[in-house]
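Visitor: this one's sequence-less:
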DNA sequence: TTGAAAGCGATACCAG
DNA sequence: CTGGTATCGCTTTCAA
């Protein structure tokens, strides 16, 4: 159980009667090496169990082939994104370092240092937030891709999601079903995507000439509990709504629980639409009507974009991925009671 | 937006009129440096934005302060474990590399190489499976901690979970409620913990003198669908059970859906107990009675154990974490029909 | 308490 | 096509 210290290129070279340069070339530029020599070296490497020391390689090359993925919290929303990142990283031969800021800007700053320290070549930022200092001296940020959660007027390469469009489609769905009093349980003000969803909600109402009623909008924190609280508030209204668009699936579930607790059935008495189409959505009882976010793709594309950025392959074009409404069992036409 | 190449210790040293050795000492052994010099250097470092090059440090020290966490799939079960790992890593100043084998043993082998290549110092293995070659030449494994999912007769340091005990408690709970025909939707044969849960199930029955009936046990794959299929099979029995223990929460949800599809209510007509107490359990409708696995602790303790292992702090003691039955809304006494 | 210098293990340039 | 060697940036002896 002791660390199997791999031999160095030097010892392998000695054992095979070649120079270290040849060893290195066989591994990195095989075309430059005579076929016979190459075979022999390859066999020797295999026999001796040689593995190049990546710390040395990184030092010499000035790069690490490692990226840092920074999430605000390790919530299930990020899981599929991580899967996408991981897959792309694998394809492009990058390793993936995980960082969790727990919403602490200081920790965020520490992670940015990791690039200056050559622990990683670049960052995929899922927090939608730069560390305190970074925003001002915006001219020397590390290679960076924003994913899922963008940032207002920055020209940082971004893999965005059309949150507004998704919300709009969801509200249109409810309108088409015949709902007119449609509420919105929004996400926190500080989160850009929450704002985008809210504006999509408003846009759909406007297009349908349904006046915006601000008493029908309540802020929450993406949690089941806040969804529940928000719903209770909505129900205390003089003229309560008949449907609600929630900022994510958790809040939708909270809303459904609140409705159930006062004896209202979903969807018969009240329609609820979530956002994300996370793991719970499909299996929940009743299964959630929700807006699907292509989470895997967000991760995959972000990693690809960062890899391109690092290899300087021409200009990077930010992109916005579409969402899609998935109609399941929590929405239907309002029943006249 | 260009990579902010941090100055090297050499240039900082030059700028401050000290040697590189002093820079290094200030950062790693501050007690060896004159207070005045230290202050001055610290200020200089701050002013110049110096960050030590970790690739160089790793090379020199022969270690990376990085660990590799290997999961079989990026499923939500592993999220809290990762959180625990991440937290402990943070406390012990380790970085965390993520690896996802997608159940492919070849990929597993590649990850083991990462240690020989000095990309990481050790591995936290959550797959319960060594790569093909490693098992035989067991004498030179990398520093390794098994977490959550152990391995038969290995003496590799392990943070285990008392799966059997949890299953036993769950079945005892059902027995106490008055159930006698209790089924088990088990996990795949190949997974050790699935076997442990099965044996806990049998043990509880034996203790209660309820004969074991193998037609009441069905294998699944930890998925909602397999839980559903298993439940349907059980219901086709001559004398169907009145309760079931499932190998995880997903299967429990599958079972509940199957029951609902044939008009049986949970818990009135049928009791269902899950395993894991994952994100879904508490918010599901009805909320799941399930066996809680201390996932965060599993991750936290594994990382701590690995850190101890790497720093050679005496002998490492494997440990087993307890589970706890959480009774919610899917279990009750059988109703005589 | 500080500085000079060796060396970690690769890569890549320059000769041959 | 191959070998010799400078070099990446740090840590750590050894001497002063």
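Guide: Sure thing, it's come through. All values reported here derive from a predicted model rather than from experimental measurement.
Visitor: contact partners for the closest residue to residue A:12 other than its chain neighbours?
Guide: Once flanking residues are discounted, residue A:12 sits nearest to residue A:50: 4.8 Å by C-beta to C-beta, 6 or more residues apart in numbering or on different chains. Using the backbone N, CA and C atoms, a C-beta is placed for each residue, glycine as well. Residues near residue A:50 by C-beta atoms under 8 Å, 6 or more residues apart in numbering or on different chains: A:6-7, A:9, A:12, A:23, A:44.
Visitor: let's see it at 10 Å
Guide: A:6-9, A:11-13, A:15-16, A:23, A:27, A:41, A:44, B:116 (C-beta atoms under 10 Å, 6 or more residues apart in numbering or on different chains).
Visitor: how much space between it and residue A:317?
Guide: Distance of residue A:50 to residue A:317, computed by C-beta to C-beta, to the nearest Å: 41 Å.
Visitor: again with residue A:117
Guide: For residue A:117, the distance to residue A:317 - C-beta to C-beta - is 29 Å.
Visitor: higher neighbour count, those two?
Guide: Legend: neighbour count by other C-beta atoms under 10 Å in any protein chain shown for residue A:117 and residue A:317, higher for residue A:117 (17 against 9).
Visitor: please name the residues that touch the more buried one.
Guide: By C-beta under 10 Å, 6+ apart, the residues touching residue A:117 are A:64, A:110, B:6, B:51-55, B:57.
Visitor: 6 Å instead?
Guide: B:51, B:54 (C-beta atoms under 6 Å, 6 or more residues apart in numbering or on different chains).
Visitor: please apply the same query to residue A:100.
Guide: With C-beta under 6 Å, 6+ apart, residue A:100 has these contacts: A:71, A:74, B:86.
Visitor: from those residues, pick the one nearest DNA strand C.
Guide: residue B:86 (29.0 Å; C-beta to the nearest atom of the strand).
Visitor: what about that closest one, how many residues close to it?
Guide: Using other C-beta under 10 Å, residue B:86 is surrounded by 24 other residues.
Visitor: and for the one 5 residues further on?
Guide: If you count neighbours by other C-beta under 10 Å, residue B:91 ends up with 12.
Visitor: against residue B:300, how distant is it?
Guide: 9 Å.
Visitor: cool, and residue A:326?
Guide: 36 Å.
Visitor: so for these two, which residue has more residues nearby?
Guide: Legend: neighbour count by other C-beta under 10 Å for residue A:326 and residue B:300, higher for residue B:300 (22 against 17).
Visitor: so the helix or strand harbouring that one, near chain A or not?
Guide: Here residue B:300 is covered by helix B:295-310, with elements defined by DSSP states H and E. No. Helix B:295-310 lies apart from chain A when judged by C-beta under 6 Å from any C-beta of the partner chain; the minimum separation is 8.9 Å.
Visitor: now do the helices in chain A.
Guide: A:9-16, A:20-28, A:35-48, A:54-61, A:77-91, A:105-116, A:132-136, A:163-177, A:192-207, A:224-235, A:249-261, A:279-283, A:295-310 (DSSP state H).
Visitor: for these, which one ends up most surrounded?
Guide: Of all these, helix A:249-261 has the most neighbours on average by mean count of other C-beta atoms under 10 Å in any protein chain shown, namely a mean of 25.
Visitor: so that one versus helix A:224-235, what angle?
Guide: With axes from the mean of the first three to the mean of the last three C-alpha atoms, to 10 degrees as the basis, helix A:249-261 and helix A:224-235 are set at 50 degrees to each other.
Visitor: remind me what helix A:249-261 packs against, helices and strands.
Guide: The helices and strands touching helix A:249-261, judged by 3 or more C-beta pairs under 6 Å, 6 or more residues apart in numbering or on different chains; DSSP states H and E, are helix A:224-235, strand A:243-246, strand A:271-276.
Visitor: tell me the mean pLDDT over the first one?
Guide: In other words, helix A:224-235. Averaging pLDDT along helix A:224-235 yields 97.
Visitor: so how far is that helix from its chain's centroid?
Guide: Mean C-alpha position of helix A:224-235 versus that of the full chain (C-alpha atoms, centre = their mean, to the nearest Å) differs by 26 Å.
Visitor: and the helix holding residue B:300, how far out from the chain's middle?
Guide: Distance, stretch centre to chain centre, for helix B:295-310: 10 Å (C-alpha atoms, centre = their mean).
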